[in-house]
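Peer 1: Here is the input, now give the coordinates:
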Amino acid sequence: MRVQLHWLLVFEQGNRRKVMSSLVKSITSTSTHDVYCPKILKEKHGEQIDFLRANPARSFRASRRLSGARVTRCQDSQVNAHGFNPLPKWCEPLRKGPARAQAILSPVSNSSVATKKKVFTFGKGKSEGNKGMKSLVSIYFHASLLLGGKGANLAEMASIGLSVPPGLTISTEACQDYQNNGKRLPEGLWEEILGGLEYVETEMGAFLGDPSKPLLLSVRSGAAISMPGMMDTVLNLGLNDEVVAGLASKSGDRFAYDSFRRFLDMFGNVVVGIPHSSFEEKLENLKAVRGAKLDTELTATDLKELVEQYKNVYVEVKGEKFPSDPRKQLQLAVKAVFDSWDSPRANKYRSINQITGLRGTAVNIQSMVFGNMGNTSGTGVLFTRNPSTGEKKLYGEFLVNAQGEDVVAGIRTPEDLEAMKSCMPEAYMELVENCEILERHYKEMMDIEFTVQENRLWMLQCRTGKRTGKGAVKIAVDMVNEGLVDIRSAIKMVEPQHLDQLLHPQFEDPSSYKDQVVATGLPASPGAAIGQVVFSAEDAESWHAQGKSAILVRTETSPEDVGGMHAAAGILTARGGMTSHAAVVARGWGKCCVSGCADIRVNEIEKVLVIGDKVLKEGEWLSLNGSTGEVILGKQPLSPPAFSGDLETFMSWADEIRRLKVMANADTPADAVTARDNGAQGIGLCRTEHMFFASDERIKAVRKMIMAVTLEQRKAALNLLLPYQRSDFEGIFRAMDGLPVTIRLLDPPLHEFLPEGDLEQIVGELTTDTGMTEDEVYSRIEKLSEVNPMLGFRGCRLGISYPELSEMQVRAIFQAAVSATNQGFTVLPEIMVPLVGTPQARLSVFSFLFIFLFFLVTYFLMYMELGHQVSLIRSTAKKVFSEMGSSLSFKVGTMIEIPRAALVADEIAKEAEFFSFGTNDLTQMTFGYSRDDVGKFLPIYLSKGILQSDPFEVLDQKGVGQLIKIATEKGRAARPSLKVGICGEHGGEPSSVAFFAEAGLDYVSCSPFRVPIARLAAAQVAA
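Peer 2: Numbers count the residues shown, from 1 in each chain. Below is the predicted model of the structure:
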């Protein structure tokens, strides 16, 4: 079987560019797949390159010569721009070109010429695959040769000479074909599997179904991304009455029948669908009759009896006999593993971990080796370094005379790995050596499974080991110091969620509370929290003042709950998504929050929380895991955030590498201090409205301003707010000495500042706060009411309608800036106008006023949104500077959060000195999804694959992202010095940060507690 490989090359000759697809090589697909392509050829004047045309028979005919050619990398965009056919005519064998560059490029198989290989064998010292085939991707589409993580690493271990039981891997493409083919094995696959099985039989000198030389198999899943425990495994496959007798004659009755009863249980559960409890019941009954506490206390005779009972379970539960044909067993097991890819638990795991784009699971069929053949055998699991602390020391467990599931399932209590040193010293020394080989080879901390069969070590699996945040940072720093990796590689070894763990409290032992988990919501803000349940913001503040830890439980939160949210140890809501009010505010404070928990019912009046059949009242203890969304009964022990010198070292490396600046969203002086401590390079968003909720006096003044009917009433209320705003701004300027502070003028709809409750309650409270009559309040509320407030009277529309509101805020900003400057601080204020959709422009001229005998015509120069606000800001600044006898530099810019603004960004840039993309609103208006209501249908969209992720959490790069690119390009075309950033919640999401860096933005801004994560994400893009 031959496979055609196509490579894309760009040729430059003088000022002309030619893009060609070339057939560079035909190879036998059973080679080791170490195919190299000339990625970047050394430039050499006069170099002769032969171009040949390939005909359908794959023979070559000379076409022409071209001198002075140079081969360079061609990006995907160039392919699209030139409209190249993925099956090209031109080929280029580079007969006289330089040596092959050391860059692997994935092959693209021409399916019209050859059948794709789906089964790959491996054994000690040789393999048909390697680690690079974990998930190969070609220029045009995903390559067919996908081995998954386990299969790729088994092949790699075999190829570097480690003792790996021979086996074969069925590719993930076969799984995809199986799913698309009505859950039938693809044509030709079974024959390929049998061909691979022959290789295994030859290597082992044993045969499937042969009683005299029995070969037993394991059948395991293995996707490209590890999904531990989510898919199925079958061990000891190949046993039946004849084979078990043959095995018993060689290895003893007890071993043989113990293996058979394990196989019957596992095969019945995984393949046939018989509940494990049906077998467990038989085992426990027999142990009770025999007076045995442990499985190991059962005799060979007992196990023979148990085997017969297990076979009867098949008839009792399914009405059919256990399939005794080993090849039939193998076929059914392969199909069962394929089926497990689409199981509810696997789908749920991929959803939680946002794993998308995978074709399916590979299937790894391997000859069994046995750790349960006596005291010279055993099995274990280890990490090459401590996954919790990062310490460079083997960390693992080992069991003598056991099979792998005994360790994993906790059937027996394992011993520390050190115990292996005394009972199996030679195997232990080989294991230590193998660990060193694998760390050097993979340049990573590895998770390894192994078995010792009669003193011979077998390596069963290796993969990159999962680790805690503390462990990840230490391992990365240590490996740089050891010379194993460079700094850029180390930056990629730490995941953003690792930093989340380091910056938030965590539970001491998450495994200890699993039976106490009563509900699961959205992991809105990471960390852990314990407290006593309260149902109102007032109670949360009151309890906090008494030194009590409270969990604020609400159906949903509003800005008015902000005091209680700040006082609470954690927040739990029944409604709301990842960008709901509760989620955004909690993340900003680094406070644990679980939102959108549909399993709970909150009765805030009776102060009762109902979760299934459990009823919790005020004061009962509850624990929240904001990293997983788990709601846990009781008071679970916490450990504080783990900071270390290694973290400081690691983050300094990240800062050296990244180009993108990272700023913070901060609304108070305390937020600003936290942001600076976490490495923020300024404040990218200061939301002035959040300051209004800091005290009762402030919110009452805001409500007076909102309810004001006359200009005089409104100005009187604003004069009450001015000192508060000035004081807050001054505190922020002092905290951010020498760094820019971007302040957004008032943005949210005015109704958000009104009290909650029914109409009578609202009217009563407003009457008290404002001194107005009930009729006046009713009338004003009616005028303020809106059908769609998020698209209504908010943002710059407030400042244009009530210029005195913007003037008060701008005056407070500049008074604070001058005052801080006079105290010796360096102040760099930037004022941002929100929700702009139109730039400066002149409206039609209005003529009016007939006075006596002539027309008096006055021309009013009117400005559209941005122009109006920029003019107001600059004129107010001039007044303040004149009054205070001092001035300073400042910038005026705008938020780009309306699609129209992105499309006319070149016009807006003539007025704005900087852009900041408000991606929350930009996403809302681009998709037409209400942030407040998206939770009603978003889970359905995600489960059906209509959306791959929550667009309010992970930036939609194809839609919203393109608007960002368009606005950036247009804005900089009009104003080359334009500073461009983003201040939505996406500023702290790693994949979104990567997009912003690649799009050429200058900075991202996120909540203070996400600053380190954004710093790392920006560095990983540059690394």
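Peer 1: Tell me which stretches of the stretch 401-550 of the chain form helices.
Peer 2: Secondary structure of the stretch 401-550 of the chain by DSSP state H, counting those that start in this stretch: the helices cover 404-408, 418-423, 425-442, 469-481, 487-491, 496-503, 537-545.
Peer 1: can you list contacts of the fifth one?
Peer 2: When you say that, I think you mean helix 487-491. Applying C-beta atoms under 8 Å, 6 or more residues apart in numbering, the set of residues contacting helix 487-491 from outside is 443, 476-477, 479-480, 650, 653-654, 656-657, 1016, 1019-1020, 1023. Just so you know, the C-beta spots here come from the backbone N, C-alpha and C atoms, and that holds for glycine as well.
Peer 1: Apply 6 Å and report the result again.
Peer 2: Ala476, Val480, Trp653, Ala654, Ala1019, Gln1020, Ala1023 (C-beta atoms under 6 Å, 6 or more residues apart in numbering).
Peer 1: Take those and keep only those in helices.
Peer 2: Ala476, Val480, Trp653, Ala654, Ala1019, Gln1020 (DSSP state H).
Peer 1: what's the closest of those to Leu460?
Peer 2: Ala476 (27.0 Å; C-beta to C-beta).
Peer 1: all helices for the stretch 551-700 of the chain, in order.
Peer 2: 562-567, 581-589, 645-657, 669-677, 696-707.
Peer 1: Would you mind finding the most buried of the ones you listed?
Peer 2: With neighbours defined as mean count of other C-beta atoms under 10 Å, the helices of the stretch 551-700 of the chain peak in mean count at helix 581-589, which reaches a mean of 25.
Peer 1: now the helices of the stretch 401-550 of the chain as CSV including mean neighbour count?
Peer 2: What follows is the helices of the stretch 401-550 of the chain, written out as CSV (neighbours: other C-beta atoms under 10 Å):
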stretch, mean neighbour count
helix 404-408, 19
helix 418-423, 15
helix 425-442, 16
helix 469-481, 23
helix 487-491, 19
helix 496-503, 21
helix 537-545, 19
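Peer 1: so which of these comes closest to Tyr178?
Peer 2: For the helices of the stretch 401-550 of the chain, the distance to Tyr178 is smallest for helix 404-408, at 25.8 Å, taking C-beta to C-beta.
Peer 1: So what's the model's average confidence on the closest one?
Peer 2: Helix 404-408 comes out with an average pLDDT of 60.
Peer 1: now the end-to-end length of stretch 974-981.
Peer 2: Taking C-alpha to C-alpha, to the nearest Å as the measure, stretch 974-981 stretches 17 Å from start to finish.
Peer 1: From the rest of the structure, what touches that stretch?
Peer 2: Residues outside stretch 974-981 that contact it (C-beta under 6 Å, 6+ apart) are 684, 906, 909-910, 914-916, 968, 971-972, 1001-1003.
Peer 1: what about stretch 389-404, distance to the chain center?
Peer 2: 29 Å (C-alpha atoms, centre = their mean, to the nearest Å).
Peer 1: Burial check on the closest residue to Gly246 other than its chain neighbours, number of neighbours?
Peer 2: Once flanking residues are discounted, Gly246 sits nearest to Pro211: 3.1 Å by C-beta to C-beta, 6 or more residues apart in numbering. The number of residues packed near Pro211 is 17, by other C-beta atoms under 10 Å.
Peer 1: Could you report the distance from Pro211 to Val244?
Peer 2: 9 Å (C-beta to C-beta, to the nearest Å).
Peer 1: Then Ala569?
Peer 2: Computed as C-beta to C-beta, the Ala569 to Val244 distance reads 58 Å.
Peer 1: mind checking the longest helix of this protein?
Peer 2: Across the chain, the longest stretch assigned as helix under DSSP H is helix 711-735.
Peer 1: Please state the offset of that helix from the chain centre?
Peer 2: Centroid separation between helix 711-735 and its chain, computed with C-alpha atoms, centre = their mean, is 40 Å.
Peer 1: Likewise for stretch 907-915?
Peer 2: On C-alpha atoms, centre = their mean, the centre of stretch 907-915 falls 34 Å from the chain's centre.
Peer 1: quick revisit: and the residue nearest to Gly246, what are its phi and psi?
Peer 2: Dihedral pair for Pro211: phi -60, psi -30, per degrees, to the nearest 10.
Peer 1: Tell me how far it lies from Met373.
Peer 2: 18 Å.
Peer 1: next one: Ile611
Peer 2: 49 Å.
Peer 1: Where does pLDDT dip in the stretch 451-600 of the chain?
Peer 2: Filtered on pLDDT under 70, the stretch 451-600 of the chain yields the residue ranges 559-560, 577-581, 584, 587-590.
Peer 1: If we use 50, what do you get?
Peer 2: 579 (pLDDT under 50).
Peer 1: With the chain instead?
Peer 2: For the chain, applying pLDDT under 50 flags the ranges 1-114, 135-145, 409-411, 579, 841-863.
Peer 1: Can you name the residues in contact with stretch 257-265?
Peer 2: So stretch 257-265 is contacted by Asn236, Leu239, Val244, Phe279, Ala300, Leu303, Lys304, Leu306, Val307, Tyr310 (C-beta under 6 Å, 6+ apart).
Peer 1: who's in contact with Phe122?
Peer 2: Residues in contact with Phe122, defined by C-beta under 6 Å, 6+ apart, are Leu154, Ala155, Ala158, Gly167.
Peer 1: What is the nearest of these to Leu294?
Peer 2: Comparing those against Leu294 with C-beta to C-beta places Gly167 closest, at 31.6 Å.
Peer 1: tell me the contacts of the closest residue in space to the closest one that isn't next to it in sequence?
Peer 2: Spatial nearest neighbour of Gly167, excluding adjacent residues (C-beta to C-beta, 6+ apart): Gln366 at 3.4 Å. By C-beta under 6 Å, 6+ apart, the contact set of Gln366 is Pro165, Gly167, Ser218.
Peer 1: can you do 8 Å?
Peer 2: Leu154, Pro165, Pro166, Gly167, Leu168, Val200, Leu217, Ser218, Arg220, Leu460 are the contacts of Gln366 under C-beta under 8 Å, 6+ apart.
Peer 1: Wait, the fourth one touches Met368, no?
Peer 2: If I follow you right, that is Gly167. No - between Gly167 and Met368 there is no contact under C-beta atoms under 8 Å: 9.9 Å.
Peer 1: So for those two, which residue has more residues nearby?
Peer 2: More crowded of Gly167 and Met368, by other C-beta under 10 Å: Gly167, with 29 against 24.
Peer 1: residue contacts, that one?
Peer 2: Thr121, Phe122, Gly123, Leu154, Val200, Asn364, Ile365, Gln366, Ser367.
Peer 1: Which strand residues bridge the first one?
Peer 2: Going back to what we said before, that points to Thr121. Leu168 (DSSP bridges).
Peer 1: Would you mind confirming that it is in contact with Glu198?
Peer 2: No - judged on C-beta under 8 Å, Thr121 makes no contact with Glu198 at a distance of 9.4 Å.
Peer 1: out of the two, which sits in the busier spot?
Peer 2: Of the pair Thr121 and Glu198, Thr121 is the one with more neighbours under other C-beta under 10 Å, namely 23 against 13.
Peer 1: A helix includes Gln366, no?
Peer 2: No - Gln366 is assigned strand when assessed by DSSP: H, G, I helix; E, B strand; the rest coil, not a helix.
Peer 1: Return the distance of it relative to Lys335.
Peer 2: 18 Å.
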